[in-house]
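Peer 1: No sequence on hand, only this structure:
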């Protein structure tokens, strides 16, 4: 534990990161060593164990991981909506220059909706079943002080129109159960963008939807991102969505980020064994000859996480060192592929060039990690 | 906008037509028992409102020449007093018509009072939990262990029969039911994702509680209110029967039953007709309440 802390203290000084930030614009959201615990009778579950990530305006960053890795807890922590017995125990959430964790409840409420909004997984439960969707939108606008009365009604119709709901004025009178799943998720997205936020946190926005609708909803989010210069933090376990819609991705495992970098690097050349394992779980369409390799075992018990690397018990490449010493998230040197790619200017457009990995197999460049 | 409005609904795949589900009112109207009960209840309300116009006599007016006259169809009865007269020669029909006023008025006032107090406290306890919940729940447990009639007897014995004390005695324990229903439903609703979503767009606690959660817990509260109405009417009649309810100068069914009790063998009508009025009103209010419950939650239908 103490070793871990000292490492992270060393790693706060990250010159290369700052250079890169200047090049790409300052991040709208910078999460720094965020920790969230859930107190249970068995002990403290460290759901989010010191994660750091940043999102720049106009960028889509994916937080990827399997169920129970803490990605949703991380999203709720950023919004300061962690339900008890969960609580944020450390770190910073710097949004537009201010630490959200230091704000009063009333100040935080003014951030929600107006600066940061959230899209939830299940569009049926995220809408109030007893209120017409128009009323929910109008109330949202009124709550945020954006518009009232007739003006709010017009804004609400315009929002439903903007998220691609046909006959928007008519649909205002519909109850959530009268709409299909895709339409409901569009309404949820309309509510999220009602306050014209700078950042949208989308927590598995397509998981509850039919596969044919997933692309539609993701394309809607991408379109809104372009039109409104939104930053999107996309929480998902679907690597297909990550590959198609995210600029950068952070892979989360057992409360920690184990790999981070441009999506192209993650998909084409995953360095961390867990990231490789995730990719090998994805069936390839039209390639029945490529076998699917599930990752054996399950997410470790977070009341007593394994010593050393948390993925070591499931890792096919684990070494003795992995079971004793926790690896550090370290910046990786460019590979032949990334150098070639940079010369083509591709990765600069999507997600920058810095990639970090938390693995003893990839010692990386000394002191450049986080 | 006008163009989108005229677009036919059928042209939008994935959008079901609005109002495909039959409304609550429609379901209620399809229930014959509930409709009948509703009409009888409505009749009682109209009678209460129009009692001065419908009554042939002033309910307090005594006719010394016509003591204990039987109803008109019995031997010795006359159409002058349709339901006969009581021991003081007062017209029974007029007294029953006027008696509906106090029953319905007290029922409505007590139920509204207990509904508002119980639902608000229950919502606060369920939403905020913590010491508010602990305190209020202990108070409720204590009240539940308290025999209502003994308590009402004690209050009314101290204050004597008066309407304000009667309302308080009837409401004293009545709010507990509303508290428990509201608290339980809020406990469930506060964990729902739409509440989290509302918080996510910056809604305040007050808005979440009254704008988001309240609409979801209204149906069970309405049903409970209807059923409680019947209970309150019976309780009021019981206290009046015991002589510690409605002040004697106000005609009340419970008092009238008590008045006629002594002469039930010789003049059965004096106690019977007000008793039937109580039965009919309580029965129809109860059936209406059950009809409402079925209409608001079709899964409850048997």
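Peer 2: That came in fine, so what should we check first? Please read these numbers as outputs of a predicted model, since none were measured by experiment.

Peer 1: How about the stretch 151-300 of chain A: which residue is closest to chain B?
Peer 2: The minimum distance from the stretch 151-300 of chain A to chain B, using C-beta to the nearest C-beta, falls at residue A:180 (3.9 Å). Every C-beta, even on glycine, is put in place using the N, C-alpha and C of the backbone.

Peer 1: okay, now that residue: neighbour count?
Peer 2: Residue A:180 has 17 neighbours, counted by other C-beta atoms under 10 Å in any protein chain shown.

Peer 1: Got the phi and psi for it?
Peer 2: Note on residue A:180: backbone dihedrals following degrees, to the nearest 10 are phi -80, psi 170.

Peer 1: quick one: low-confidence parts of chain B?
Peer 2: Along chain B, the parts satisfying pLDDT under 70 run over B:1-23, B:297-302.

Peer 1: any chance you could map the helices in the stretch 151-300 of chain B?
Peer 2: Using DSSP state H, counting those that start in this stretch, the helices of the stretch 151-300 of chain B run over residues B:163-190, B:193-200, B:205-207, B:214-241, B:253-261, B:269-296.

Peer 1: again with the stretch 251-370 of chain A
Peer 2: Going by DSSP H, counting those that start in this stretch, the stretch 251-370 of chain A shows helices at A:263-268, A:273-280, A:336-344, A:346-349.

Peer 1: can you pull the contacts of residue A:69?
Peer 2: A:252, A:253, A:254, A:255, A:299 (C-beta atoms under 8 Å, 6 or more residues apart in numbering or on different chains).

Peer 1: of these, closest to residue A:327?
Peer 2: Of all these, residue A:253 has the smallest distance to residue A:327: 11.5 Å, by C-beta to C-beta.

Peer 1: just checking, that closest one touches residue A:275?
Peer 2: No - under the criterion of C-beta atoms under 8 Å, residue A:253 is not in contact with residue A:275, lying 9.0 Å apart.

Peer 1: At which residues are the strands of the stretch 51-200 of chain A located?
Peer 2: A:60-64, A:86-95, A:98-99, A:116-119, A:199-203 (DSSP state E, counting those that start in this stretch).

Peer 1: Longest helix in chain B, please.
Peer 2: In chain B, with assignment by DSSP state H, the single longest helix is helix B:92-128.

Peer 1: That one and chain A in contact?
Peer 2: No - on the criterion C-beta under 8 Å from any C-beta of the partner chain, helix B:92-128 is out of touch with chain A, staying 12.1 Å away.

Peer 1: The next helix or strand after that helix packs against which elements?
Peer 2: Later in the chain than helix B:92-128, the nearest helix or strand by DSSP states H and E is helix B:130-144. Packing contacts for helix B:130-144, counted by 3 or more C-beta pairs under 8 Å, 6 or more residues apart in numbering or on different chains; DSSP states H and E, involve helix B:92-128, helix B:163-190.

Peer 1: can I get those helices in a markdown table with mean neighbour count?
Peer 2: Output for the helices and strands packed on helix B:130-144, formatted as a markdown table (neighbours: other C-beta atoms under 10 Å in any protein chain shown):
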| stretch | mean neighbour count |
| --- | --- |
| helix B:92-128 | 22 |
| helix B:163-190 | 20 |
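
Peer 1: of all the ones you listed, which lies closest to residue B:274?
Peer 2: helix B:92-128 (5.8 Å).

Peer 1: Give me the neighbour count for the residue in the stretch 51-200 of chain A that chain B sits nearest to.
Peer 2: At 3.4 Å from chain B, residue A:113 is the closest residue in the stretch 51-200 of chain A, using C-beta to the nearest C-beta. By the measure other C-beta under 10 Å, the count of residues near residue A:113 is 27.

Peer 1: next one: the one 4 residues further on
Peer 2: Under the neighbour criterion other C-beta under 10 Å, residue A:117 is assigned a count of 30.

Peer 1: Report the central residue of chain B.
Peer 2: residue B:229 (1.9 Å; C-alpha atoms, centre = their mean).

Peer 1: hang on, it packs against residue B:289?
Peer 2: Yes - using C-beta under 8 Å, residue B:229 makes contact with residue B:289 at a distance of 7.3 Å.

Peer 1: where does the stretch 201-302 of chain B come near chain A, residue by residue?
Peer 2: So the stretch 201-302 of chain B meets chain A at B:201, B:202, B:203, B:204, B:207, B:211, B:212, B:215, B:216, B:218 (C-beta under 8 Å from any C-beta).

Peer 1: Farthest pair within the residues you listed?
Peer 2: Most distant of those, by C-beta to C-beta, are B:202 and B:218, 24.5 Å apart.

Peer 1: In terms of neighbours, single out the busier of those two.
Peer 2: Using other C-beta under 10 Å, the more surrounded residue of residue B:202 and residue B:218 is residue B:202, with 24 against 15.

Peer 1: tell me the contacts of the more buried one?
Peer 2: Contacts for residue B:202 were tallied using C-beta under 8 Å, 6+ apart; they are A:109, A:110, A:111, A:112, A:113, A:114, A:143, A:144, A:195.

Peer 1: Contact partners for the residue nearest to it when sequence neighbours are not counted?
Peer 2: Of all residues not flanking residue B:202 in the chain, residue A:113 sits nearest, at 3.4 Å (C-beta to C-beta, 6 or more residues apart in numbering or on different chains). By C-beta under 8 Å, 6+ apart, the contact set of residue A:113 is A:140, A:143, A:144, A:194, A:195, A:197, B:200, B:201, B:202, B:203.

Peer 1: Tell me which two of these sit farthest apart.
Peer 2: A:197 and B:203 (14.5 Å).

Peer 1: just the contacts of residue A:113 now: which is nearest residue A:118?
Peer 2: Out of these, the member with the shortest distance to residue A:118 (by C-beta to C-beta) is residue B:200, at 3.9 Å.

Peer 1: Only the buried residues of stretch A:196-206, if you could.
Peer 2: A:197, A:198, A:199, A:200, A:201, A:202, A:203, A:204, A:205, A:206 (16 or more other C-beta atoms under 10 Å in any protein chain shown).

Peer 1: ok, now stretch A:310-321?
Peer 2: A:310, A:311, A:312, A:314, A:315, A:318.

Peer 1: Please compute how far it lies from its chain's middle.
Peer 2: Distance, stretch centre to chain centre, for stretch A:310-321: 26 Å (C-alpha atoms, centre = their mean, to the nearest Å).
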